[in-house]
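>>> just coords:
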């Protein structure tokens, strides 16, 4: 009972500077409430925020970068820099490294996740960014392709309209900010359940996370995932998976997968990634992100 | 060990006349191997089969009915009758009732499941057919719309490309041959996972069964489901569902659903619907339908 009260107090306490990794399913609201982008702005420090925008996934980095710059400017960020990395050699740029030392939020845009990884993976810039995230010095957000790169195993592409099979999903290596998860985005919008299940059956030591458009899975440092936005976050948990023929069948053959646990989470729902269980909400209403709006 | 041997012997014994309910996900192969239709033919007695075709779901019942008649004729069925019911009053037709007394297999075609239910539900014909199925006197097969009607709760229509929500699925009352299940068909082909999950969250006392095209969930009298064909059968089991806000949210709001258990089953896999668990296959190979090919 005492513990419950402590929890309630903890949740009510405003935590504007509590960093997080925000994994956004793409197509987040940029015009009206901007709920998710506002949560990122707040988590990055609000009016003290120093934000780096990495538009490198996009083929039109200047256009998309400026769009986000203008949004965070409107919100009142203290400083915003566009790190328009188009070549791996730019990852050694001293000005970028200096800004990484002081910035409080990094936003990775959409585009092509393979392009983003090709530019950033295994660079000193990437190492410094990952360290900043793990140390809780900054909030990292990625949308669409910027979300796909979060895990160690990354969904690089794939299809829908088929039963789970190996050829339904193309895997590659991601940037590994959240190595324990495999992220898929535009999730129910583009009918990607079968491809995420295919990916998870090949990597049953990971947790599948499917994020809808205009929806965010907010990862706290303590392994708690919280849902923001208009859609759902789908958890595909293979911890109890008892059998799959995934390694033994042809590339286009249907896969058997026994005993997946699936959760559909909506706004305010919370999930403990380490315990692999839902955190019940307190009271009638959902537990919501106090800093998000 | 003894028990295992008995099981093996049981499975190897040919059971050509063992009746079943065959729930087919639509678009079953009618030209080449015809595996599923052949399994129906065998289960109905092979060359002794007396088959009733019910094309009433279709708007072109004569065309579709004749197509199946020609297929089962090719296979060598003893007698085939097209029960072209286009009006509920025909459900009292003495000739149809007489044939139901002797027939060994009934095949319901695709079309519109609401049309099929509108014509057959709560008629003496339907009662006699259901009794025949439950007594194991005949094998019943339904494909597409003919599959959708199998449960008590029926998916009448719906959408895809959205997260689970109440408006994603239109429910109606089915013909109730397998009252404990909610069937969806053309399953992964038409990306129907979210709609089946939406349906199951509203009826957590049922079992969700999603069947791909050219795939069959074969229900034995003892509650065992066996998979035939080219795709997968997806089981969405809400037995451990711990929470859903399904009844409390707006029609288009995303739904939370905690703790669904999902199995993807492919050819030869077997599932015990009453125990709600997978039946492990014996030995390296999959347990296959001996009577199906």
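Perfect, thanks for sending it. Fair warning: this is a prediction, and the values are worked out from it, not measured in the lab.
>>> C-alpha only now, for contacts and for neighbours.
Noted.
>>> Low-confidence stretches in the stretch 1-150 of chain A?
A:1-17 (pLDDT under 70).
>>> try it again with 80
A:1-18 (pLDDT under 80).
>>> can you give me the helices in it?
Along the stretch 1-150 of chain A, counting by DSSP state H, counting those that start in this stretch, helices occupy A:2-12, A:35-43, A:61-75, A:94-102, A:113-120, A:124-134, A:145-148.
>>> From residue B:148, how far out is the residue lying closest to residue A:273 once chain neighbours are set aside?
Once flanking residues are discounted, residue A:273 sits nearest to residue A:223: 5.3 Å by CA to CA, 6 or more residues apart in numbering or on different chains. According to CA to CA, to the nearest Å, residue A:223 stands 41 Å off from residue B:148.
>>> same deal with residue A:226?
36 Å.
>>> Which residue of those two possesses the greater neighbour count?
Between residue A:226 and residue B:148, residue B:148 has the larger neighbour count (other CA atoms under 10 Å in any protein chain shown), namely 34 against 24.
>>> Contacts only, for the residue nearest to residue A:273.
Neighbouring residues of residue A:223 by CA atoms under 8 Å, 6 or more residues apart in numbering or on different chains: A:272-274.
>>> same question, residue A:251
A:165-167.
>>> could these go into JSON lines alongside neighbour count and distance to residue B:79?
Shown next, in JSON lines, are the contacts of residue A:251 (neighbours: other CA atoms under 10 Å in any protein chain shown; distance: CA to CA, whole Å):
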{"residue": "A:165", "neighbour count": "24", "distance to residue B:79": "40"}
{"residue": "A:166", "neighbour count": "24", "distance to residue B:79": "44"}
{"residue": "A:167", "neighbour count": "18", "distance to residue B:79": "44"}
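>>> from those, which single one is nearest chain B?
Ranked by distance to chain B (CA to the nearest CA), those are led by residue A:165 at 9.7 Å.
>>> is it true that residue A:280 touches residue A:272?
No - contact criterion CA atoms under 8 Å: residue A:280 and residue A:272 do not qualify, at 10.3 Å.
>>> Enumerate the residues of the stretch 51-200 of chain A near chain B.
By the rule CA under 8 Å from any CA of the partner chain, the part of the stretch 51-200 of chain A lying against chain B is A:160-164, A:188-191, A:193-194.
>>> just to revisit the earlier point, ranking the helices of the stretch 1-150 of chain A by burial, who's on top?
Among those, the stretch with the highest mean neighbour count (mean count of other CA atoms under 10 Å in any protein chain shown) is helix A:145-148, at a mean of 30.
>>> what helices or strands is the following helix or strand past it leaning on?
Sequence-wise, the next helix or strand downstream of helix A:145-148 (DSSP states H and E) is strand A:153-158. On a contact count with 3 or more CA pairs under 8 Å, 6 or more residues apart in numbering or on different chains; DSSP states H and E, strand A:153-158 meets helix A:145-148, strand A:169-173, strand A:181-185.
>>> Pretty sure residue A:266 sits against residue B:254.
Yes - using CA under 8 Å, residue A:266 is in contact with residue B:254, at 6.3 Å.
>>> about what we covered before: from the residues of the stretch 51-200 of chain A next to chain B, which land in strands?
Assignment to strands by DSSP state E places none of those there.
>>> any idea which of those has the most stuff around it?
Among these, residue A:163 has the most neighbours (other CA under 10 Å), with 32 neighbours.
>>> Phi, psi for the nearest residue to that one once chain neighbours are set aside please.
Excluding its sequence neighbours, the residue lying closest to residue A:163 (CA to CA, 6+ apart) is residue B:188, at 5.0 Å. Main-chain dihedrals, residue B:188, degrees, to the nearest 10: phi -70, psi -30.
>>> ok, now how distant is residue A:147 from chain B?
As defined by CA to the nearest CA, to the nearest Å, residue A:147 lies at a distance of 18 Å from chain B.
>>> sorry, back to before: so for residue A:280 and residue A:272, which residue has more residues nearby?
Legend: neighbour count by other CA under 10 Å for residue A:280 and residue A:272, higher for residue A:272 (16 against 13).
>>> got the contact list for the residue nearest to the more buried one when sequence neighbours are not counted?
Counting by CA to CA, 6+ apart, residue A:272 lies nearest to residue A:224, which is 4.6 Å off, once chain neighbours are set aside. For residue A:224, the contact set (CA under 8 Å, 6+ apart) comprises A:270-274.
>>> And residue A:86, by the same measure?
A:56, A:119.
>>> How about the backbone phi and psi for it?
Per-residue torsions, residue A:86: phi -120, psi 0 (degrees, to the nearest 10).
>>> Tell me the bridge partners for residue A:207.
Taking DSSP bridges as the rule, residue A:207 bridges to residue A:181.
>>> gap between the closest residue to residue A:276 other than its chain neighbours and residue A:56?
Nearest in space to residue A:276, with sequence neighbours left out and distances taken as CA to CA, 6+ apart, is residue A:237 at 7.7 Å. Using CA to CA, residue A:237 is found at 31 Å from residue A:56.
>>> now do residue A:118
According to CA to CA, residue A:118 and residue A:56 sit 10 Å apart.
>>> just checking, residue A:260 is part of a helix?
No - checked against DSSP: H, G, I helix; E, B strand; the rest coil, residue A:260 lies outside a helix; its state is strand.
>>> how far does stretch A:81-96 sit from the chain's center?
22 Å (CA atoms, centre = their mean, to the nearest Å).
>>> Residue A:237 and residue A:56: who's more crowded?
More crowded of residue A:237 and residue A:56, by other CA under 10 Å: residue A:56, with 31 against 27.
>>> Residue A:265 contacts residue A:232, correct?
Yes - Residue A:265 lies in contact with residue A:232 (CA under 8 Å); the separation is 5.3 Å.
>>> what sits in contact with each of the two?
Common neighbours of residue A:265 and residue A:232 (criterion: CA under 8 Å, 6+ apart): B:255-256.
>>> between these two, who's got more neighbours?
residue A:232 (33 against 28).
>>> list the residues that contact both of residue A:266 and residue B:254?
Joint contacts of residue A:266 and residue B:254 (CA under 8 Å, 6+ apart) are A:230-232.
>>> Can you lay out those as CSV showing distance to chain B, secondary structure and pLDDT?
Below are the shared contacts of residue A:266 and residue B:254 laid out as CSV (distance: CA to the nearest CA, whole Å; DSSP: H, G, I helix; E, B strand; the rest coil; pLDDT from 0 to 100):
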residue, distance to chain B, secondary structure, pLDDT
A:230, 8, coil, 97
A:231, 6, coil, 98
A:232, 6, coil, 98
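>>> so how many other residues sit close to the residue of the stretch 1-150 of chain A found nearest chain B?
Going by CA to the nearest CA, chain B is nearest to residue A:25 of the stretch 1-150 of chain A, at 12.2 Å. Per other CA under 10 Å, the neighbour tally for residue A:25 reads 33.
>>> That one against residue A:187, yeah?
Yes - taking contacts as CA under 8 Å, residue A:25 lies within contact range of residue A:187: 7.1 Å.
>>> Can you check which residues contact both of these two?
Shared contacts of residue A:25 and residue A:187, defined by CA under 8 Å, 6+ apart, are found at A:210-213.
>>> ok, of the residues you listed, which one's closest to chain B?
If you rank these by distance to chain B using CA to the nearest CA, residue A:212 comes first, at 7.3 Å.
>>> My understanding was that that closest one contacts residue A:229; is that so?
No - Residue A:212 is beyond contact range of residue A:229, at 9.1 Å (criterion: CA under 8 Å).
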